[in-house]
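In: Model the following, please.
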Amino acid sequence: MQKQEVLFTHNIEKDLEKVLFRCTYDKLFLLTDESTLKFCAPIVQNFECLKNADIITIPTGDLNKNLQSMQIVWNALDEMKASRRSLMINLGGGMVTDLGGFAASTFKRGIPFVNIPTTLLAMVDASVGGKTGINFNGLKNEIGVFNTAESVIICPNFLKTLDTQNLLSGYAEMLKHGLISNVKHWAELLNFDWNKPDYKELLNLIEQSVLVKEKIVEEDPHEHGIRKALNFGHTIGHAFESWSMERNHPILHGYAVAFGLVCELYFSYIRLKFPQDKLQQTNLFIKEHYGTLGITCKQYDKLYELITHDKKNTNGVINFTLLSDIGDVHINQQADKKEIFEIFDFFQDAGF
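Out: The predicted model follows:
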């Protein structure tokens, strides 16, 4: 998998023009969802370099990250005579970059694509690293491929279109990057003032976060080893997310990850003696900013069943990524049903 170009810019028109100039294509497509079309497309729609782009729009929300939306994209590409030399720009959050990347990777066995993430979550996670995919049979990202975008263009202008909840959703992935990297970055993240957000400071934290992910992905592009570090918080987090979708009350991905971090940090404390003070500081930040999920013992079996579908599992054995300290990552840590239920007990007892 080729190394991905990630551009940080305050002049998106100039940098997008440079990226498109380097690409050879016969047709240009711009994929959005309904929300992105309304709030973010106006930022780019008058760019000279996009004047001939055909717009494809899919329904908004992770519940629409499915085969039906994929078919909308494939049908549109087919009807508008896209060829293997066509280029698609995915303008949107993680749902758009994941689904758009997968659609581009499979149409005519693959056309090139560029990601312009418009949410904090997409900037630091979904658009970077080459993972593409859709949800299937109630499971997160069950179908997909590894394939990198030609370029990822990150511009903070889009962040001003987001509410605090969606900003915090992306921030959970950044918090994960802090936990798996170093104490300095983790502390900076915990000390960021969400009551008076400084977007210049936030962009600096975003750049650090992307560098953490890029370094790991470059070392292990197809998740055979250390890339599993990026799944910290996600084994249980994805189960929370899938459970919430089944109830038709979906929570944002980052909120599910934040709650997953609480659980997997506790398991790290029990299994690998992760420092208790850092566990408590992280949990306090998460409770203050993400609130509570409110599971009960009645949900344990269903959540456990969802965890058994996690893609890191092998031969029916559940594998976790855990930490013995900040930046000290241990992959392929096994857990049985009893241990997982004990984690859920802690989660409840801690008031989440």
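In: tell me the mean pLDDT for the helix or strand hosting Lys215?
Out: Here Lys215 is covered by helix 199-219, with elements defined by DSSP states H and E. Averaging pLDDT along helix 199-219 yields 89.
In: next one: stretch 330-348
Out: 95.
In: Stretch 243-255 now?
Out: 90.
In: circling back: export the helix holding Lys215 as CSV, just CAs?
Out: Only the C-alpha atoms of helix 199-219 are listed here, as CSV (Å, rounded to 0.1, in the frame of the first residue of the first chain):
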residue,chain,number,x,y,z
TYR,A,199,-8.8,26.4,16.6
LYS,A,200,-5.2,27.2,16.0
GLU,A,201,-4.2,25.1,19.0
LEU,A,202,-6.7,22.4,17.8
LEU,A,203,-5.1,22.3,14.4
ASN,A,204,-1.7,21.7,16.0
LEU,A,205,-3.1,18.8,18.0
ILE,A,206,-4.7,17.4,14.8
GLU,A,207,-1.4,17.4,13.1
GLN,A,208,0.2,15.6,16.0
SER,A,209,-2.6,13.1,16.0
VAL,A,210,-2.3,12.4,12.3
LEU,A,211,1.4,11.9,12.6
VAL,A,212,0.8,9.2,15.3
LYS,A,213,-1.5,7.3,13.0
GLU,A,214,0.7,7.8,9.9
LYS,A,215,3.8,6.4,11.7
ILE,A,216,1.9,3.3,12.8
VAL,A,217,0.2,2.7,9.4
GLU,A,218,3.5,3.1,7.5
GLU,A,219,5.1,0.4,9.7
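In: Gln299 touches Ser242, doesn't it?
Out: No. In this structure Gln299 lies outside contact range of Ser242 using C-beta atoms under 8 Å: 11.7 Å. To be clear about C-beta, it is placed using only N, CA and C from the backbone, and glycine gets the same treatment.
In: quick revisit: which parts of the helix holding Lys215 are buried?
Out: For helix 199-219, the neighbour count (16 or more other C-beta atoms under 10 Å) marks 202-203, 205-206, 208-210, 212-214, 216-217 as buried.
In: wait, which of these is closest to Gly254?
Out: When the buried residues of helix 199-219 are ranked by distance to Gly254 (C-beta to C-beta), Ser209 comes first, at 12.5 Å.
In: close enough to count as contact, the closest one and Val124?
Out: Yes. Assessed by C-beta under 8 Å, Ser209 is found in contact with Val124 at 4.5 Å.
In: Overlap in contacts, these two.
Out: 173-174, 177 (C-beta atoms under 8 Å, 6 or more residues apart in numbering).
In: Narrow those to those in helices?
Out: 173-174, 177 (DSSP state H).
In: now, which of those residues sits nearest Asn313?
Out: The shortest approach to Asn313 among these belongs to Glu173, at 21.7 Å (C-beta to C-beta).
In: before we move on, back to that, let me have the shared contacts of Ser209 and Val124 in TSV, adding neighbour count and pLDDT as columns.
Out: Converted to TSV, those look like this (neighbours: other C-beta atoms under 10 Å; pLDDT from 0 to 100):
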residue	neighbour count	pLDDT
Glu173	27	96
Met174	28	97
His177	26	97
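In: and of the residues you listed, the nearest to Arg271?
Out: Looking across the shared contacts of Ser209 and Val124 and measuring by C-beta to C-beta, the closest to Arg271 is His177, at 21.5 Å.
In: is it true that the closest one touches Ile216?
Out: No. Between His177 and Ile216 there is no contact, the gap being 9.1 Å when judged by C-beta under 8 Å.
In: all helices of this structure, in order?
Out: Under DSSP H, the chain gives helices at 12-22, 34-39, 41-44, 67-79, 94-106, 120-121, 164-179, 183-190, 199-219, 234-246, 253-272, 276-290, 300-307, 337-349.
In: Throw those into a markdown table and include distance to Gly327, thanks.
Out: What follows is these, written out as a markdown table (distance: least, C-beta to C-beta, whole Å):
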| stretch | distance to Gly327 |
| --- | --- |
| helix 12-22 | 32 |
| helix 34-39 | 35 |
| helix 41-44 | 37 |
| helix 67-79 | 38 |
| helix 94-106 | 25 |
| helix 120-121 | 22 |
| helix 164-179 | 8 |
| helix 183-190 | 7 |
| helix 199-219 | 10 |
| helix 234-246 | 18 |
| helix 253-272 | 12 |
| helix 276-290 | 11 |
| helix 300-307 | 25 |
| helix 337-349 | 22 |
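In: Quickly compare these and say which is most buried.
Out: helix 120-121 (a mean of 28; mean count of other C-beta atoms under 10 Å).
In: That helix - contacts with which helices or strands?
Out: helix 164-179 (3 or more C-beta pairs under 8 Å, 6 or more residues apart in numbering; DSSP states H and E).
In: ok now the helix it packs on, how far from the chain's centre?
Out: Distance of helix 164-179 from its chain centroid, counting by C-alpha atoms, centre = their mean, to the nearest Å, is 10 Å.
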